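Peer 1: Sequence and predicted model, in that order:
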Amino acid sequence: MKTPFWIAMTSLIVSLTSNATAFPSRDVVTEAIVTSPALEEAKAQREEAEALARVRRVGPYEVALSGSVGERTVENGMAPDATYSEWRMDVSRTVRLPGKRGLDRQLASLEYDRARLEYEKAYQDLALRFVDLWTAWRRDQQLAELLQQAAEEAEQLASMELSGAEIGGSRQVDAEIALAYASQLRSDALRMALNAERQKKMLFSTFPTLIVSDLEDVDDDLTSHTATASESVRLIDTELARVTAEYGRVLRRRQRYETLPDPTLSVGFSNEFGGRETAVVASVSIPIGGRARAATSAAASARAASAEAALRRVVLDGEQRVAMLRAAAENATLQEKLARDGSGAIRQSLIRLESGHQEHAVTLRELVQTRRNLLDTEQSLITNRAEAEKARLQLDILLGRFGTAFSSPED
């Protein structure tokens, strides 16, 4: 006996939605993100920034050693020419003023913090990208399976109608309607399968080392990880903007010191006339400041003002982004519930219609339309479940509260 359409569809949708929240284990996801080319690039950039911060901490000046060796000939008309050997050696070093040294240490510390936060932001962006690609792949894969199942059921219905038309129990036009409906579903299933394959290729090209074998269920409770509306929002983007703003303020103070040039201290030793004349000379040289130094200070002030404005913008953007994700998760969850309730009501109606169709009390058009309504509702259920899951996971990642799969590694 053929399984009724509503029973087959119910068993399939239960199977699909029960796995909608399945994700790879934390170790698998972490390995995929850490070994991705984008994060390897971010790690190299972090190491470069940390090295430059060390250069700033120790300062740009080194001890300089210079020397010269020569011969001197003294001509004397009353006596033979005299030739003497001579040499000179100088040791010099430019010294940072104490105020500059302290500010450079602050700048170096902020550069370390900024490099760390930029790396964490790169990791977070990849985690968000992973969720986006994964949920899109899983959604399209499940929709393709749903449409494939519906197409097979529609083909069975068309076969029954064709058989009925041959013996005069059904109309030929009904058989043609059933065939057209099955063909449309088969086309939709193929299109969705191609979409799923495209999303899969994008996922595995972005994370080449990803291995999908061990899937874990993510907690369905939306309040288990996400912050409530009353909690303060602490985002990596905001922290990075704060560090950048503080860096601009310290750099502005540092550039003001550039109007006071660093002195260069040097000691010279000389030996002339074959050792008959020696000298030790200490000297100090100070560059004379000019308009270039003043212009540099003005540029630093402008950058600091820009960083302050960027901080205010980033704070507002972060709060808006979190609010939008919260609203998206809540809306998709509500739509999922409505779709689930609606599918239950349509299934009950479909039971009666299929029974009525077998007794020739319901037309095929009415039966096909009800099947379409059920299919649309089930597709809405899968889509909204995926959207709710994506918004919830991305919100948790942004807030740094999701410890199951997307915590930034300690390294």
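Peer 2: Good, I have the coordinates.

Peer 1: Could you find the closest non-adjacent residue to residue 380?
Peer 2: Nearest residue to residue 380, sequence neighbours excluded (C-beta to C-beta, 6 or more residues apart in numbering): residue 339, at 4.3 Å. For every residue, glycine as well, the C-beta is placed using N, CA and C.

Peer 1: Next SSE downstream of the helix or strand harbouring the one you found?
Peer 2: Assessed by DSSP states H and E, residue 339 sits inside helix 291-358. Downstream of helix 291-358, the next assigned helix or strand under DSSP H and E is helix 364-399.

Peer 1: What are the buried residues along that following helix?
Peer 2: Along helix 364-399, these residues count as buried under the neighbour rule (16 or more other C-beta atoms under 10 Å): 364, 367-368, 370-371, 373-375, 377-399.

Peer 1: For the chain, which strand extends over the most residues?
Peer 2: The longest strand of the chain (DSSP state E) is strand 82-94.

Peer 1: So which elements touch that strand?
Peer 2: Judged by 3 or more C-beta pairs under 8 Å, 6 or more residues apart in numbering; DSSP states H and E, strand 82-94 is in contact with strand 64-74, strand 264-272.

Peer 1: Contacts for that strand next, please.
Peer 2: Contact partners of strand 82-94, identified using C-beta atoms under 8 Å, 6 or more residues apart in numbering, comprise 61-74, 76, 262-274, 276.

Peer 1: and the helix or strand just after it, what's its mean pLDDT?
Peer 2: Sequence order places helix 98-166 as the next helix or strand after strand 82-94, per DSSP H and E. Taken as a whole, helix 98-166 has a mean pLDDT of 85.

Peer 1: Helix 98-166 versus helix 364-399: what angle between them?
Peer 2: 170 degrees (axes from the mean of the first three to the mean of the last three C-alpha atoms, to 10 degrees).

Peer 1: Low-confidence stretches in the stretch 151-300 of the chain?
Peer 2: Counting by pLDDT under 70, the stretch 151-300 of the chain has low-confidence residues at 161-172, 213-234, 274, 289-295, 297.

Peer 1: what about 90?
Peer 2: 151-186, 209-242, 244, 246-266, 268-300 (pLDDT under 90).

Peer 1: Which stretches in it count as helices?
Peer 2: Assignment of helices within the stretch 151-300 of the chain using DSSP state H, counting those that start in this stretch yields the ranges 172-206, 236-256, 291-358.

Peer 1: Out of the helices and strands packed on strand 82-94, which gets nearest to residue 184?
Peer 2: Checking the helices and strands packed on strand 82-94 against residue 184 by C-beta to C-beta gives strand 64-74 as the closest, at 81.9 Å.

Peer 1: counting contacts, what elements does that closest one pack onto?
Peer 2: Using 3+ C-beta pairs under 8 Å, 6+ apart, the elements in contact with strand 64-74 are strand 82-94.

Peer 1: Identify each buried residue in the strand it packs on, please.
Peer 2: 84, 86, 88, 90, 92, 94.

Peer 1: so what strands line up beside that strand?
Peer 2: strand 64-74 (antiparallel), strand 264-272 (antiparallel) (DSSP bridges).

Peer 1: any idea which of the buried residues of strand 82-94 is closest to residue 51?
Peer 2: The shortest gap between residue 51 and any of the buried residues of strand 82-94 belongs to residue 94, at 21.6 Å (C-beta to C-beta).

Peer 1: which residues does the closest one bridge with?
Peer 2: residue 264.

Peer 1: Could you report the neighbour count for residue 299?
Peer 2: 13 (other C-beta atoms under 10 Å).

Peer 1: Sorry, slip of the keys, the one I care about is residue 173.
Peer 2: Using other C-beta under 10 Å, residue 173 is surrounded by 12 other residues.

Peer 1: With residue 130 instead?
Peer 2: Neighbourhood size, residue 130 [other C-beta under 10 Å]: 25.

Peer 1: which residues sit in contact with it?
Peer 2: Contacts of residue 130 by C-beta under 8 Å, 6+ apart are 29, 32-33, 203, 206-207, 406.
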